[in-house]
Every structure is written in structure tokens, then in C-alpha cells.
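[1] here is the input, now give the coordinates:
(2 chains)
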Amino acid sequence: MTPRRRRLLWVLGILVGVAAAGGLALRAFQQNVMFYFDPSKIAAGEVKPGQRFRLGGMVEKGSVQRIPGTLEVRFVVTDFRHSVPVRYSNVLPDLFREGAGVVAHGRLDANGTFVADEVLAKHDEKYMPPEVARSLNQGASSRTQ
Amino acid sequence: MAWVWFHRFGSPPHFYRLAGRLTPWFAWPAALLCLAGLIGGLGMAPADYQQGDGFRIVYVHAPAAWLSLMVYVVMAGTAAVGLVWRMNVAYAVAASCAAIGASFTVVALVTGMLWGRPMWGTYWEWDPRLTSELLLLFLYLGYMGLRNSIDDVGRADRASALLAIVGVVNVPIIHYSVIWWNSLHQAPSVMKFGRPTMPASMFVPLLLMLAGFTAYFVALLLTRARGEVLRRERNAHWIAEALGQGPGCKV
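    Next comes the predicted model:
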């Protein structure tokens, strides 16, 4: 074995070793790397009572209610299997929409309502001009009628 | 012998001349591609249905983020070639990558934060994508710091090469962080298999910007690597010749 080939094997060995160690470490920290929990994880009891965490999912269509005269807003976050009601009283980000992704930070109260102290909008990877979005929407609503 | 070109590439005078000849072939296309991409992206592409004109920051953010990863792969790859083949020119190229890559990483982080404030509602969250990209910046800075802390060039080359190679595992983590884990950052729109999730009028300028940034990186790298080769070889005879001075002149 030439010295050069030995050095090449060393480099490849280091790469494989570090990749394996990194992979195992990330697997072990899976819970902590997750930025948010979705409603199914909460239904499965993965969140300890009273624990502060982030809740992520879709804002259920038609669920947003504003309390007149206050900033308070109520909506339901769903992952289409389970859903969690959310209460929040502060300014919502621009991209907060019904049917769009959202990540809220806070804790569950005794009634199972998520009391949020911060709400972030989660953008998806789709980009389109407004006219296309409008005609897509019209297409969808004419199909349902 | 098929390896001749490879070893010729490793000869400093040959690399110096070749890099000098190649630079304009990347610098000019870079300028033209970026100009066309900016006109297309800022002037001709339609506004987004959700983000309005705010989405246009993608024309700087996505190419900078893509380059921040690609520069690291080039840095780690050339550092590994230097380590295995004991090739000085490869080390010089690796050393020249670090500052460029760190700059692209800063641009990606800052443009992302400026976009995140109005769209997500926050400048910064410890989201897997954001955190791993910040780690990339620290890897670049660590690489540069390690090199600067060792006076002997040969030892600096070998030690920093190991750091670069170890850090390369972070690159796939950054790319797949938005797919493997729940994250605030959206999934890729372009850098994936299958169709891009944007129409051609938005997508074509983005491709032009990606190509333009990449060509800009190559031109910058060649220029910086020539400087690095000159610095390392400052006592060699070929330099006087290359700089157009007769033999015997002090450089």
C-alpha cells in the first residue's frame, strides 16, 4: 500500500466516522432538534403537562375568531388528524392565514387550550403570481359547488 | 498517462498562469448573468400571491445560501486533495475558499433575517436550518482562525484540512434539515428532484442568479488562489519570470 493510498483511506475513514457519529447524535437528539410538536404528538401525550413548547400545524379554515375591542384571537391548529384550540392576544405576522402553516409558542392550560405568547407564520415553498392563485382558488371553489 | 493533467495542475507556475487566463471567462459571465437575473427578478417577475414584493429577496438569499454550501464542499474537497496528494496548490485553493464562503454565509443569514422579520414575525429562531447555517459560519471562522494561529504553513495546511473535512458532514445536515425535522424554514423550492414550486417567470431569473453567483465565486476563487500561490512561493524563481521581470531581480 503506497503512503498516498494510506492517506486517502485515512481521510475516507475520518469522513465515515464523523458521519456515523453525527448521525447517531442527531438520532439521539431527535426530540430536541424538532422545532415544534404537531397536534398528533400532543394527542399522543409526548408533551409533559405545564411544559412550554412550540405547537405547529395548519390554521383550520374558518376557525379564526377575533374578540371585538381587544387583540385577542382564537383559532384551531390542526394536522388533519388531531387539532388543538389556541388563544393569543398580540399582533399576528403578515403571513398568518387560515389554511396556512403556523408555529405558536406557549403552554397548554387545564382545559387543553394552547395559550400562546408568540405566533409565527410558517411559509411554504410555493411561489406564484396573484392572478394564478386567484384562478386556482376559483377552480377549486367551482369544483366543490 | 491520464494523471499528467492532475499533476500539472499541482505545479504552482502552471496553476498561476492557467488561473490568470481563466479568470475573465468567469468574471464577465458572472457580471452579465447577475445583471440579467436582477432585471428579471426585480423588474419582470410578478409579485408573489402571499409575500408580495418581499419575496424578491430570494434572488440574493437563495444563491448566497447555495454558494455558502458549495464553497464549503470545494474547500473540504481541495483540502482533502492537499492532504492525500501533498499538493500545495490544492491547499492554497482551500485556504482561499474560507473568506469567500464565510461572506456568502453572512449574506444568506442577514437576508434571511430581514425576510423573516415581516414574514415569520421574527428575526431569529433556533430552528434546525438557521442553527446549522450559523454553525457553518463558525466552521469557516474556525478554519480561518486555526490557519492564522499556526505560523508554519505546512502544519497550518494539514491541521485546517482536517477541520474542513470533519465539518463537511454539516453540509447535508443543512440541506436536509428542513426535510428531516419540523422546522420554521420552508422546504426547498428549486434545489430538489422534481419540478420547482415556482412559475418560470420567477424561476428563470433565480437560475440566472444562481449561475451568476457561482461564476462570480469561481472568478473570485481563482484570483484569491493566485495571490495565495504567490505568497507561498515568494522565494521561487518562476515568480520573477511570471511577473515580467528578468532573472536576478529581487521581488
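[2] and the gap between the most centrally placed residue in chain B and residue B:27?
    Chain B has residue B:71 as the residue nearest its centroid, 2.9 Å off, counting by Cα atoms, centre = their mean. The gap separating residue B:71 from residue B:27 is 17 Å, by Cβ to Cβ, to the nearest Å. Quick note: C-beta positions are derived from backbone N, CA and C, even for glycine.
[3] with residue B:172 instead?
    Plainly put, residue B:172 is 31 Å away from residue B:27 if you go by Cβ to Cβ.
[4] and the host helix or strand of residue A:13, what does it pack onto?
    Here residue A:13 sits within helix A:3-28, counting by DSSP states H and E. Applying 3 or more Cβ pairs under 8 Å, 6 or more residues apart in numbering or on different chains; DSSP states H and E, one finds that helix A:3-28 contacts helix B:58-85, helix B:153-167.
[5] quick check: buried residues in the first one?
    Pointing back at helix B:58-85 there. Buried residues in helix B:58-85, counted by 16 or more other Cβ atoms under 10 Å in any protein chain shown: B:58-72, B:74-85.
[6] and for the shortest one?
    By 16+ other Cβ under 10 Å, the buried positions in helix B:153-167 come out as B:156-167.
[7] how about the closest residue to chain A within the stretch 101-250 of chain B, nearest residue that isn't a chain neighbour?
    The stretch 101-250 of chain B approaches chain A most closely through residue B:121 (3.1 Å), counting by Cβ to the nearest Cβ. Leaving aside its chain neighbours, residue B:121 sits nearest to residue A:93 (3.1 Å; criterion: Cβ to Cβ, 6 or more residues apart in numbering or on different chains).
[8] ok, that neighbour touching residue A:119?
    Yes - with contact defined as Cβ atoms under 8 Å, residue A:93 reaches residue A:119; the gap is 7.0 Å.
[9] among the two, which residue is more densely surrounded?
    Comparing residue A:93 with residue A:119 by neighbour count (other Cβ atoms under 10 Å in any protein chain shown), the higher total belongs to residue A:119, at 24 against 19.
[10] three-state assignment of the more buried one?
    strand (DSSP: H, G, I helix; E, B strand; the rest coil).
[11] how much space between it and residue B:59?
    Taking Cβ to Cβ, one finds residue A:119 at 28 Å from residue B:59.
[12] ok, now residue B:70?
    From residue B:70 to residue B:59 the distance is 17 Å (Cβ to Cβ).
[13] and residue A:28, by the same measure?
    39 Å.
[14] surely residue B:19 touches residue B:224?
    No - using Cβ under 8 Å, residue B:19 is not in contact with residue B:224; the gap is 9.6 Å.
[15] now residue B:238. Nearest residue, chain neighbours left out?
    Residue nearest to residue B:238 in three dimensions, not counting chain neighbours: residue B:13, with 4.1 Å by Cβ to Cβ, 6+ apart.
[16] same for the strand or helix carrying that neighbour, what does it pack against?
    Per DSSP H and E: residue B:13 is located in helix B:12-38. Helices and strands touching helix B:12-38, by 3+ Cβ pairs under 8 Å, 6+ apart, are helix B:4-9, helix B:88-119, helix B:200-232, helix B:237-242.
[17] winner for burial among the ones you listed?
    helix B:88-119 (a mean of 21; mean count of other Cβ atoms under 10 Å in any protein chain shown).
[18] ok but residue A:104 is inside a helix, no?
    No - going by three-state DSSP, the assignment for residue A:104 is strand, not a helix.
[19] any idea what it is bridged to?
    residue A:55, residue A:119 (DSSP bridges).
[20] what residues are up against the residue nearest to residue A:43 when sequence neighbours are not counted?
    Nearest residue to residue A:43, sequence neighbours excluded (Cβ to Cβ, 6+ apart): residue A:82, at 4.2 Å. Going by Cβ atoms under 8 Å, 6 or more residues apart in numbering or on different chains, residue A:82 touches A:39-40, A:42-43.
[21] thought residue B:78 was touching residue B:97?
    Yes - between residue B:78 and residue B:97 there is a contact under Cβ under 8 Å: 7.1 Å.
[22] how near is the spatially closest residue to residue B:15 that is not a sequence neighbour to chain A?
    Nearest residue to residue B:15 in three dimensions, chain neighbours excluded: residue B:89, at 4.7 Å (Cβ to Cβ, 6+ apart). In this view, residue B:89 and chain A are 16 Å apart by Cβ to the nearest Cβ, to the nearest Å.
[23] could you chop chain A up by domain?
    A:1-31, A:34-122 (automatic domain parsing).
[24] please identify the most buried of those domains.
    By mean count of other Cβ under 10 Å, the domains of chain A have domain A:34-122 as the most buried, with a mean of 17.
[25] what's the farthest-apart pair in the contacts of residue A:82?
    Farthest apart among the contacts of residue A:82 by Cβ to Cβ are A:40 and A:42. That separation is 7.3 Å.
[26] out of everything not next to it in sequence, what's closest to residue B:179?
    Closest to residue B:179 by Cβ to Cβ, 6+ apart is residue B:187, at 6.2 Å.
[27] the one you found: neighbour count?
    By the criterion of other Cβ under 10 Å, residue B:187 has 14 neighbours.
[28] what subset of the buried residues of helix B:153-167 is also close to chain A?
    Taking Cβ under 8 Å from any Cβ of the partner chain as the test, chain A is in contact with B:162, B:165-166 out of the buried residues of helix B:153-167.
[29] make CSV out of these and add pLDDT.
    Converted to CSV, those look like this (pLDDT from 0 to 100):
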residue, pLDDT
B:162, 94
B:165, 94
B:166, 94
